[in-house]
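K.L.:
I need the structure of the sequence given here:
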Amino acid sequence: MIRRGHAARATAETRVEAAWTIDGMGRCEVSTGIPFLDHMLAQVARHGRFDLTVAAAGDLAVDAHHTVEDAGTALGRALRDALGAGAGIRRYGSAYAPLDEALVLAVVDVSGRPFLHYGVSVTRQRLGAYDTDLTEEFFRAFAMNAGITVHLMLVHGRNAHHIVEAAFKALALALDRATERDPRVEDVPSTKGTLS
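P.N.:
Modelled structure (predicted):
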């Protein structure tokens with residue numbers, strides 16, 4: 001059975017629809033109005049082998065904050081929907097992702113306990129029109145709404161684009177591992193009997 005999830009979020013500031021197919025092929029159809037974010041979500045789809053769709057319309061005339069955060073919220077909810085109870089998954093995943101001089105480590109636990117440790121700093125405030133501070137906001141909204149624990153840590157790097165992109169790629173690789181079906185696990189991988 002292919003694991004798919006969907007979520008929609010509508011506020012006075014944004015409208016976002018998102019779908020996440022865990023057992024995908026790396027396809028990505030995203031339109032957030034923020035080209036850099038679209039590029040990052042394409043990395044998640046391709047390197048995590050997920051199929052992602054996102055359609056977002058937000059108050060970009062104000063700034064990109066609400067759209068980035070709500071895209072993270074909707075994608076997190078879509079992943080949680082796709083996972084269901086989480087039976088049969090590996091649960092834990094970790095991965096390093098390099099991009100030239102940058103190296104980022106991502107560690108995830110599909111635990112039902114949302115948490116983000118964000119140890120990724122960049123010295124450049126903007127990448128084109130994209131505010132690099134919004135990267136942490138995206139990951140926080142995603143982790144909280146997916147119900148997963150995420151640790152992201154910069155090992156080293158100088159180029160802001162490379163660092164941010166390595167963070168998205170590392171998360172994709174770790175999530176691919178954590179959501180993978182483990183043939184040895186039939187039920188929920190927790191002594192509590194639940195991941196919620």
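K.L.:
E136: which element?
P.N.:
helix 134-146 (DSSP states H and E).
K.L.:
helices of this structure, start to end?
P.N.:
Across the chain, reading from the start of the chain, the helices by DSSP state H fall at 35-48, 65-83, 134-146, 160-179.
K.L.:
my read: R91 touches R113, true?
P.N.:
No: if you go by Cβ atoms under 8 Å, R91 and R113 don't touch, sitting 11.6 Å apart. Heads up, the C-betas are built off the backbone N, CA and C, glycines and all.
K.L.:
okay, these two: which has more neighbours?
P.N.:
Comparing R91 with R113 by other Cβ atoms under 10 Å, the one with more neighbours is R91, at 21 against 12.
K.L.:
can you give the strand pairings for the helix or strand of the chain with the lowest mean pLDDT, parallel or anti for each?
P.N.:
When the helices and strands of the chain are scored by mean pLDDT, DSSP states H and E, strand 126-127 comes last with a mean of 90. Sheet pairing of strand 126-127 (DSSP bridges) gives strand 130-131 (antiparallel).
K.L.:
remind me which residues of the protein are low pLDDT?
P.N.:
Counting by pLDDT under 70, the low-confidence segments of the chain come to 187-195.
K.L.:
let's see 80
P.N.:
Low-confidence regions of the chain, defined by pLDDT under 80, span residues 185-196.
K.L.:
residues in contact with the residue nearest the centre of it?
P.N.:
A centroid search over the chain (Cα atoms, centre = their mean) returns F142, at 5.8 Å, as the residue closest to the centre. F142 makes contact with 72-73, 75-76, 79, 150, according to Cβ atoms under 8 Å, 6 or more residues apart in numbering.
K.L.:
switch the cut-off to 6 Å
P.N.:
By Cβ atoms under 6 Å, 6 or more residues apart in numbering, F142 lies in contact with 72, 75-76.
K.L.:
for the residue nearest to L75 when sequence neighbours are not counted, give its distance to G76.
P.N.:
Nearest residue to L75, sequence neighbours excluded (Cβ to Cβ, 6 or more residues apart in numbering): A18, at 4.9 Å. Using Cβ to Cβ, to the nearest Å, A18 is found at 9 Å from G76.
K.L.:
ditto for A141
P.N.:
Using Cβ to Cβ, one obtains 6 Å as the distance from A141 to G76.
K.L.:
same check, this time on E136
P.N.:
When Cβ to Cβ is the yardstick, E136 and G76 sit 14 Å from each other.
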